[in-house]
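Colleague: Just a sequence and a predicted model for now, questions to come.
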Amino acid sequence: MPPLLLTIPEVAAQLGCSRNHVYQLIGTGELVVVDISLPGSLNTKTRVRTDDLERYVANLTRSMKGSP
């Protein structure tokens, strides 16, 4: 079973890009995140749901049908 949530470095590895690029995708809203924090804590962990990463990649996929 794949993990439910991925860290930013894990997402970057999956996409074959830099962490900065992942943060740019998050900043533009192309990739959505989940922020996890304990009650009363200022320390927040940013994670990407596996489903959201798969959806992002699926939206990038294009068909070569009809291409010369």
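Modeller: Happy to help now that I have it.

Colleague: show me where this structure has helices.
Modeller: Counting by DSSP state H, one finds helices in the chain at the ranges 8-15, 19-27, 50-60.

Colleague: need those helices in JSON lines with mean pLDDT, mean neighbour count and distance to Val33, can you?
Modeller: In this view, the C-beta of every residue, glycine as well, is placed from N, C-alpha and C. Output for the helices of the chain, formatted as JSON lines (pLDDT from 0 to 100; neighbours: other C-beta atoms under 10 Å; distance: least, C-beta to C-beta, whole Å):
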{"stretch": "helix 8-15", "mean pLDDT": "97", "mean neighbour count": "16", "distance to Val33": "9"}
{"stretch": "helix 19-27", "mean pLDDT": "97", "mean neighbour count": "15", "distance to Val33": "6"}
{"stretch": "helix 50-60", "mean pLDDT": "94", "mean neighbour count": "13", "distance to Val33": "8"}
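
Colleague: wait, which of those helices is closest to Asn43?
Modeller: Of all those, helix 8-15 sits nearest to Asn43, with 15.0 Å by C-beta to C-beta.

Colleague: Distance from the chain centre to the closest one, please.
Modeller: On the basis of C-alpha atoms, centre = their mean, to the nearest Å, helix 8-15 sits 7 Å off its chain's mean C-alpha point.

Colleague: rewinding a little: would you mind giving the helices of the chain as a markdown table with distance to Asn43 added?
Modeller: Shown next, in a markdown table, are those (distance: least, C-beta to C-beta, whole Å):
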| stretch | distance to Asn43 |
| --- | --- |
| helix 8-15 | 15 |
| helix 19-27 | 18 |
| helix 50-60 | 22 |
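
Colleague: Could you point out which of those sits nearest Ile36?
Modeller: Here helix 8-15 is closest among the helices of the chain (C-beta to C-beta), at 12.7 Å.

Colleague: Name the residues of the strand of greatest length in the chain that come out as buried.
Modeller: Scanning the chain for the strand with the most residues, using DSSP state E, yields strand 44-49. Neighbour counts over strand 44-49 (16 or more other C-beta atoms under 10 Å) mark Arg47, Val48, Arg49 as buried.

Colleague: Having no further points to raise, I will conclude here.
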